[in-house]
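>>> give me a 3D structure for the following:
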Amino acid sequence: MGRGDVKTKRGKIFNKSFGKTRPARTRKAAAAAAPKAEKKA
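Next comes the predicted model:
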């Protein structure tokens, strides 16, 4: 358990990988979070 364990969230962050424990941001979630620069006239 720890940084070397790829089955844990911390291990996945250390290994720069994604999976069930550490899901990558999906395109749908990234697209919904992006348009925050709207200006009201």
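>>> next, the residue lying closest to G4 once chain neighbours are set aside: secondary structure please.
Nearest residue to G4 in three dimensions, chain neighbours excluded: G11, at 6.2 Å (Cβ to Cβ, 6 or more residues apart in numbering). The C-beta positions use only the backbone N, C-alpha and C, and glycine is treated the same way. Using DSSP: H, G, I helix; E, B strand; the rest coil, the structure places G11 in helix.
>>> shouldn't G11 be in contact with G19?
No: judged on Cβ atoms under 8 Å, G11 makes no contact with G19 at a distance of 10.1 Å.
>>> neighbour-wise, which of those two wins?
Ranked by neighbour count (other Cβ atoms under 10 Å), G11 and G19 place G11 first, with 17 against 12.
>>> quick check: the gap between that one and K40.
For G11, the distance to K40 equals 45 Å [Cβ to Cβ, to the nearest Å].
>>> quick check: closest non-adjacent residue to F14.
Per Cβ to Cβ, 6+ apart, closest to F14 is R3, 4.2 Å.
>>> so who does the one you found touch?
10-11, 14 (Cβ atoms under 8 Å, 6 or more residues apart in numbering).
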